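**Student:** sequence plus predicted model, see below.
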Amino acid sequence: MDLLFDNGHVGEQAKLPAEAEKMDTSTVEEKKQKVDNRSANYQLDPIIKKNEKLFSYYRTQPVIPPSEFDAFVETIKVDLPSSFRVQMSLPEAKLVEKYLHEHFFDKIPDGTLSIPKRIPFVPYGYQAVMPRSVMRSHPLLRDLHQFLVSETEIGVLSRQEAVSMVPPLLLDVKPEHMVLDMCAAPGSKTMQLIELMHKDDPNPSGLLVANDIDYSRCYLLVHQTLKRMPTANCIVVNQDGSQIPTVVDEHNKPLLFDRVLCDVICTGDGTFRKNPELWKTWDPQKGISLHRIQIHIARRGLELLKPGGRMVYSTCSLNPIEDEAVISFLLRKYEGKVKLVDVSKELPDLIRSPGISSWKVIDKTMTEHANIESVPEALRRSILQSMFPPTAEEAAEFHLERGFRILPHQQNSGGFYVAVLEKTEAFDSDIKVWKPSFFGPPDRKRKRRMVREDPFNFLNEKESEDVRTDLQEHYGIQPNFSYDNMLIRSAETEKKKVIYFTNDNLRRFMKYNETRFKIVNAGVGVLRRCDKVSVSKYRLMQDGLPHMTPYISKRIVSVGIEDAIKILEGSNDNHFVTLNELSDPGELKTLPCGSVVLKLSNGDFQKGIVCWLGAHTVTAFITREEKIHCLTMLGHDAAKLRQQVQSTRQIKAQGGRQPKNVDANVGKIESKAGAEEADILALNEDLKKDN
């Protein structure tokens, strides 16, 4: 478990055995009592970190130098360090980094505690070892833990294993690129790709298609990634990675991708440090079983790649059957049309081991096979020709040394394999959907994937005109705003609550490919209907504000820092302040009720937030975590709000319901604002839906 980010929720190790759960016919109350009493009578068997097949296998393979093998074994027995990065596309990234150093890192006594250190090959990346006993006993580390969890909730920080950050960095993504993430869930690399696309352009013109074969994992991706980093240029689709349809344009001609991230399913034997269950289950057959699937996914990735485009193939496995053998197949299959790119000078501070051109094929009985002819007939369906190393002539041509491994003991990390491929010429099969008959999701997953999604409907001409009229009148939206890029998630327009926004490329993708893909999520919410409590039919949504602000000419207000702090904190345990409490409310006194954009400014920190302006009050219409971040960047101690957030997390971790007066979105309403009570409560309910 990653202690630096542990939020107190019950983890995987605390779950009851599956057999016991299946046979348990207790009532809900009895089950809860069992969980509550678990600490007294439920113990987990310690995992013995030893697997002779694993040790024998990697002693045989030329992957780990013999002189380093003992260090490798000792390292994978130790828990993985915590790692995170500050969102590199965040305008205030340097301010956040400065705050971390001044308030936490620089105050940790050197030599007594593990001070988070920079990850040299990841911009804004940090790594630290934080034992649970130290985390709980040291006040400074407790505060650091709370800060990291809070900032991660809103996407300011991203928790991700250090070596997992390497493949997106080597993809060389630009804001205008068409990018495909083939096996995206749970979404850490997807979030990194979004960051890279936004790094040089806050509203990139490119498109990111994030795909996963598992329907439920697609939703995990949406809620863990796009809720933390909403964007108008990302779409989540639910397809078999080996059969992803070809994207077409308005002329039904294929559109290929500039970049493809092919982070395939694998045995994960580079993750022993964070997945101790692998010690019980690892054997060579797992890599053999996945080899064929990995080839199919990687092959489809290359078919969907533009000539001149780059694909990064990666696994969190050290096994050459899953790594170099797959790359060899691709280079052999597309002879002269694909090449391995030498990236040895990219990320120069990353310690890596070059790929290998010779390896052993070993079956589940630990029997070595020299070539396909030596494989018994009974094993020919599982052990394939493509698993064997290339000939000497092929090896000289393939340059497999250009791929590389990251070995855990070399820089205190997990294990990873990365190969960067460039497509030099078009394939004849680019526009074909390759459908191998032997691969597909199990029946259980097939049924789950049949869940019907609400339709994606772009606003028609009349709807666009209605929205245009309203927004121009109340927000002064400029005429060049792209109303054509607005959509709803309902077949019945009168039931629409949220209006979403996409960029041009995403709109075109959906318009001409909606029937070709199973779309799970697209675009970012920009407006929510609230005609009962506002002169405008729509209020602004914080997620979509960056896409609206450049076009808004009305209802943008500024106040002094002290007044901004009052608005963010609320007063007297309320989540709003009365206008009379502000030193200089300015335009807030004269504007009619409804959404306003409050401009926050403190040196290098510049941010707009959505507020709700009532007749006598103003409310910051953002989450508590966002309020804490803004207060921190304004130089104010947000201890009160942090304590509320921590209390709520503890209540949730204990299985209880949080009291309403702790909820960021529901405050008690003072009598002096009684006329606005119903409106604020209704809007608070809406804010819950936003988040």
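**Tutor:** Yep, it's here. Numbers count the residues shown, from 1 in each chain.
**Student:** use CA for all of it now, contacts and neighbours both
**Tutor:** Will do.
**Student:** who's the closest residue to residue 116 other than its chain neighbours bridged to?
**Tutor:** Distances taken as CA to CA, 6 or more residues apart in numbering put residue 128 closest to residue 116, at 4.4 Å, once the chain neighbours are dropped. On the basis of DSSP bridges, residue 128 is bridged to residue 82.
**Student:** next up, the contacts around residue 128.
**Tutor:** 81-83, 114-117 (CA atoms under 8 Å, 6 or more residues apart in numbering).
**Student:** the residues you listed, buried ones only, as a ChimeraX selection?
**Tutor:** Only the buried entries of the contacts of residue 128 go into this ChimeraX selection, using 16 or more other CA atoms under 10 Å:
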select :81,82,83,114,115,116
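**Student:** kindly reformat the contacts of residue 128 as CSV containing distance to residue 467.
**Tutor:** Formatted as CSV, the contacts of residue 128 follow (distance: CA to CA, whole Å):
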residue, distance to residue 467
81, 50
82, 47
83, 44
114, 54
115, 52
116, 49
117, 50
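**Student:** in a markdown table, list the contacts of residue 128 along with distance to residue 265 and pLDDT.
**Tutor:** Converted to a markdown table, these look like this (distance: CA to CA, whole Å; pLDDT from 0 to 100):
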| residue | distance to residue 265 | pLDDT |
| --- | --- | --- |
| 81 | 23 | 91 |
| 82 | 23 | 90 |
| 83 | 22 | 94 |
| 114 | 33 | 76 |
| 115 | 34 | 84 |
| 116 | 31 | 89 |
| 117 | 30 | 92 |
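**Student:** quick check, nearest of the contacts of residue 128 to residue 209?
**Tutor:** Proximity of the contacts of residue 128 to residue 209 (CA to CA) peaks at residue 83, which lies at 26.2 Å.
**Student:** next one: that closest one from residue 249, what distance?
**Tutor:** 41 Å (CA to CA, to the nearest Å).
**Student:** cool, and residue 235?
**Tutor:** 16 Å.
**Student:** which one's more surrounded, these two?
**Tutor:** Legend: neighbour count by other CA atoms under 10 Å for residue 235 and residue 249, higher for residue 235 (24 against 13).
**Student:** and the strand or helix carrying that one, what does it pack onto?
**Tutor:** Under the criterion of DSSP states H and E, residue 235 resides in strand 234-237. If you count contacts as 3 or more CA pairs under 8 Å, 6 or more residues apart in numbering; DSSP states H and E, strand 234-237 packs onto strand 207-211, strand 519-522.
**Student:** got a markdown table for the ones you listed, with mean pLDDT, distance to residue 171 and mean neighbour count too?
**Tutor:** Shown next, in a markdown table, are these (pLDDT from 0 to 100; distance: least, CA to CA, whole Å; neighbours: other CA atoms under 10 Å):
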| stretch | mean pLDDT | distance to residue 171 | mean neighbour count |
| --- | --- | --- | --- |
| strand 207-211 | 98 | 13 | 26 |
| strand 519-522 | 96 | 23 | 22 |
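**Student:** right, and those strands - which one's nearest residue 239?
**Tutor:** strand 207-211 (6.4 Å).
**Student:** partner strands of the closest one and their direction?
**Tutor:** Paired strands of strand 207-211, with direction, are strand 178-181 (parallel), strand 234-237 (parallel) (DSSP bridges).
**Student:** any idea which of those strands gets closest to residue 454?
**Tutor:** Nearest to residue 454, of the strands paired with strand 207-211 and by CA to CA, is strand 234-237 at 13.8 Å.
**Student:** run the chain-centre distance for the closest one.
**Tutor:** Centroid separation for strand 234-237 versus its chain: 12 Å, with CA atoms, centre = their mean, to the nearest Å.
**Student:** can you name the next helix or strand after it?
**Tutor:** strand 247-248.
**Student:** from the contact counts, what lies against that following strand?
**Tutor:** For strand 247-248, the packing partners by 3+ CA pairs under 8 Å, 6+ apart are strand 254-255, helix 504-513.
**Student:** by contact count, what packs against the longest one?
**Tutor:** For helix 504-513, the elements it packs on are strand 247-248, judged by 3+ CA pairs under 8 Å, 6+ apart.
**Student:** list the neighbouring strands of the strand it packs on plus their orientation.
**Tutor:** strand 254-255 (antiparallel).
**Student:** and the next helix or strand past the partner strand?
**Tutor:** Next element after strand 254-255 (DSSP H and E): strand 257-263.
**Student:** tell me what that next one is packed against?
**Tutor:** Using 3+ CA pairs under 8 Å, 6+ apart, strand 257-263 sits against strand 178-181, helix 284-303, strand 305-315.
**Student:** how far does the first one sit from the chain's center?
**Tutor:** In this case it means strand 178-181. 14 Å.
**Student:** now do the buried residues in it.
**Tutor:** Buried residues in strand 178-181 (16+ other CA under 10 Å): 178-181.
**Student:** swap in the last one?
**Tutor:** Within strand 305-315, the residues that qualify as buried by neighbour count (16+ other CA under 10 Å) are 305-307, 309-315.
**Student:** helices or strands up against that strand?
**Tutor:** Right, strand 305-315 is packed against helix 166-170, strand 257-263, helix 284-303, strand 416-423 by 3+ CA pairs under 8 Å, 6+ apart.
**Student:** what strands line up against that strand, and which way round?
**Tutor:** Partners of strand 305-315 in its sheet, by DSSP bridges: strand 257-263 (parallel), strand 416-423 (antiparallel).
**Student:** would you reformat those as JSON lines and include mean pLDDT and distance to residue 369?
**Tutor:** Listed next are the strands paired with strand 305-315 as JSON lines, based on pLDDT from 0 to 100; distance: least, CA to CA, whole Å:
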{"stretch": "strand 257-263", "mean pLDDT": "99", "distance to residue 369": "28"}
{"stretch": "strand 416-423", "mean pLDDT": "99", "distance to residue 369": "24"}
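**Student:** of all the ones you listed, which one is nearest residue 610?
**Tutor:** strand 257-263 (34.9 Å).
**Student:** please, where are all the helices along the stretch 1-150 of the chain?
**Tutor:** 18-23, 28-36, 38-41, 52-60, 69-76, 93-103, 132-137, 139-153 (DSSP state H, counting those that start in this stretch).
**Student:** ditto for the stretch 401-550 of the chain
**Tutor:** Using DSSP H, counting those that start in this stretch, helices in the stretch 401-550 of the chain cover 408-411, 443-448, 461-475, 504-513, 545-548.
**Student:** by mean pLDDT, show me the worst of these.
**Tutor:** Set side by side, those give their lowest mean pLDDT on helix 443-448, at a mean of 43.
**Student:** any regions of the stretch 51-200 of the chain where pLDDT drops low?
**Tutor:** Across the stretch 51-200 of the chain, the ranges flagged by pLDDT under 70 are 111-113, 131-137.
**Student:** kindly reformat the helices and strands packed on strand 234-237 as CSV containing distance to residue 345.
**Tutor:** Listed next are the helices and strands packed on strand 234-237 as CSV, based on distance: least, CA to CA, whole Å:
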stretch, distance to residue 345
strand 207-211, 27
strand 519-522, 36
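**Student:** let me know which of those strands is the nearest to residue 413.
**Tutor:** strand 207-211 (26.3 Å).
**Student:** buried sites along stretch 194-214?
**Tutor:** For stretch 194-214, using 16+ other CA under 10 Å, the buried residues are 194-199, 202-214.
**Student:** which residues touch that stretch?
**Tutor:** Applying CA under 8 Å, 6+ apart, the set of residues contacting stretch 194-214 is 87-90, 173-185, 190, 218, 229, 231-241, 441, 445, 449, 503-506, 546-547.
**Student:** show me which of the residues you listed are buried.
**Tutor:** 87-90, 173-185, 190, 218, 229, 231-241, 449, 503-506, 546-547.
**Student:** now the host helix or strand of residue 197 against strand 257-263, angle please.
**Tutor:** Secondary structure assignment for residue 197, by DSSP H and E: helix 188-198. If you take axes from the mean of the first three to the mean of the last three CA atoms, to 10 degrees, helix 188-198 sits at 150 degrees to strand 257-263.
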